[in-house]
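**Q** this one's structure only:
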């Protein structure tokens, strides 16, 4: 599988995909908020997305050894457009956008509470999440660092910092945070599939496969986990396994353009020329840029 295409599709899950937090995570985050912070919030209802939306490009990834023909170099052209697509569409919470004005107003209220209780790690984590939702990930990481310094055993802060690190393209650091969150527990589907994609970006295809399979045990019909799994099976030359998983993806979501693109090149590598042409045509019809082959 073309290396650049592989990176582009994987980065959708690792950085740009909107993955739903598990219910336990959402409840834990809500319970973790100090009573004072809740009272300080404005009366206007604020809808919070289950997971902060982040993006990671492929600049920091390692070279990846693939088992498919070199004539698929044209697939690189698909990556820039692919990165703009959301890898998961079946989760309605992924569509919720933050109210930036409300978040901006919330930050000084949190800062007042920090001035009163400077040792409260959850206040720093909450302000960091506000910065992250505003796209100020450098500042978010600074707050998450302080929160972790005060309390190194709170899982949610590692998850949030991992998301911001991914957006900053600090892929290895993000994977380390996801791993620490997994270690602290509870293990969640979201952590596993994001770490799987991150490990894949770092060139550890087998580790990516292992994490994706564990994520699928928790959510067997996960489109994003299946795509990550197929991606790295293809990278290791397990083309038939990749094809099987991509078929399942398209049974679950017939409009998944990136899956058609990936399956098109897997089919080409397997010598299924007609099927490859049909897949690439379908990808084009769904708005995915398909590079010309030479």
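**A** Nice, thanks for sending it over. The structure displayed is predicted, hence computed values, not measured ones.
**Q** can you give me the strands for the stretch 101-250 of the chain?
**A** Counting by DSSP state E, counting those that start in this stretch, the stretch 101-250 of the chain has no strands to list.
**Q** all helices in it, in order from the N-terminus.
**A** Ranges of helices within the stretch 101-250 of the chain are 121-133, 137-150, 155-167, 171-184, 189-201, 205-218, 223-235, 239-252, based on DSSP state H, counting those that start in this stretch.
**Q** Residue 267: which of those helices is closest?
**A** Comparing the helices of the stretch 101-250 of the chain by their distance to residue 267 (CB to CB), the top pick is helix 239-252, with 7.0 Å. All C-beta spots, glycine's among them, are computed from the backbone N, C-alpha and C.
**Q** a markdown table for the helices of the stretch 101-250 of the chain, including mean neighbour count?
**A** Shown next, in a markdown table, are the helices of the stretch 101-250 of the chain (neighbours: other CB atoms under 10 Å):
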| stretch | mean neighbour count |
| --- | --- |
| helix 121-133 | 24 |
| helix 137-150 | 20 |
| helix 155-167 | 26 |
| helix 171-184 | 21 |
| helix 189-201 | 29 |
| helix 205-218 | 20 |
| helix 223-235 | 28 |
| helix 239-252 | 18 |
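**Q** okay but residue 126 is in contact with residue 107, surely?
**A** No - between residue 126 and residue 107 there is no contact under CB atoms under 8 Å: 9.5 Å.
**Q** could I get the helices of the stretch 101-250 of the chain as TSV with distance to residue 287 and mean pLDDT?
**A** As requested, these are arranged in TSV below (distance: least, CB to CB, whole Å; pLDDT from 0 to 100):
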stretch	distance to residue 287	mean pLDDT
helix 121-133	27	96
helix 137-150	28	98
helix 155-167	24	96
helix 171-184	27	97
helix 189-201	22	95
helix 205-218	26	97
helix 223-235	17	95
helix 239-252	16	97
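**Q** Need those in TSV (columns: distance to residue 264).
**A** Below are the helices of the stretch 101-250 of the chain laid out as TSV (distance: least, CB to CB, whole Å):
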stretch	distance to residue 264
helix 121-133	35
helix 137-150	34
helix 155-167	27
helix 171-184	27
helix 189-201	20
helix 205-218	20
helix 223-235	12
helix 239-252	9
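**Q** Leaving out sequence neighbours, find the closest residue to residue 192.
**A** Nearest residue to residue 192, sequence neighbours excluded (CB to CB, 6 or more residues apart in numbering): residue 215, at 3.9 Å.
**Q** Spell out which residues sit in contact with the one you found, please.
**A** 189, 192-193, 196, 222, 225 (CB atoms under 8 Å, 6 or more residues apart in numbering).
**Q** How about residue 144, nearest residue that isn't a chain neighbour?
**A** Leaving aside its chain neighbours, residue 144 sits nearest to residue 161 (3.8 Å; criterion: CB to CB, 6+ apart).
**Q** So that neighbour sits against residue 141, correct?
**A** Yes - the criterion here is CB under 8 Å, and residue 161 meets it with residue 141 at 6.1 Å.
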